[in-house]
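Asker: I would like to see how this sequence folds:
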Amino acid sequence: MGLTGTPGESLSGVDAKHRGRTASYSSQPWYEAYMAALFEFDNDQIPERIKRAEQLIAARDRELFRQNTDRAEQRSLNAAMHALHALKRCLKP
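Answerer: Sure thing, here's the model as predicted:
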């Protein structure tokens, strides 16, 4: 699959599909906090941003678990949590 998605699919096609999936939750507080953590420029602020995003992700995950709906958002929550853990590992000396 690689960077272009499926064979013959352009990268912009992958981006368009991704935007369609994230549009439903891109205004969710967990997503905004997650993006703020990923794109924080001040290294001293990153740990607090990560902590806040993790809290919001966990809360949203519990909420979706109780509703037993929106598997796509649950997968995105899981991916976001993994990305935050990787970012934390990068911050450690």
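Asker: and residue 33, how many neighbours?
Answerer: Neighbours of residue 33 under the rule other CB atoms under 10 Å: 21. Placement of C-beta: from N, CA and C, glycine included.
Asker: does the closest residue to it other than its chain neighbours count as helix, strand or coil?
Answerer: Once flanking residues are discounted, residue 33 sits nearest to residue 53: 4.0 Å by CB to CB, 6 or more residues apart in numbering. Of the three states, residue 53 takes helix under DSSP: H, G, I helix; E, B strand; the rest coil.
Asker: Now for residue 53: which residues touch it?
Answerer: By CB atoms under 8 Å, 6 or more residues apart in numbering, the contact list for residue 53 reads 30, 33, 34, 36, 37, 80, 84.
Asker: Mark which of those residues are buried, thanks.
Answerer: Neighbour counting by 16 or more other CB atoms under 10 Å classes 30, 33, 34, 37, 80, 84 among these as buried.
Asker: which of the contacts of residue 53 lies closest to residue 59?
Answerer: Of all the contacts of residue 53, residue 59 sits closest to residue 30, with 7.4 Å by CB to CB.
Asker: Narrow the buried ones among the contacts of residue 53 to those in strands?
Answerer: In strands, judged by DSSP state E, none of the buried ones among the contacts of residue 53 are found.
Asker: Export those residues as a markdown table, with columns for distance to residue 49 and pLDDT.
Answerer: Shown next, in a markdown table, are those (distance: CB to CB, whole Å; pLDDT from 0 to 100):
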| residue | distance to residue 49 | pLDDT |
| --- | --- | --- |
| 30 | 12 | 97 |
| 33 | 7 | 98 |
| 34 | 9 | 97 |
| 37 | 4 | 97 |
| 80 | 13 | 97 |
| 84 | 9 | 98 |
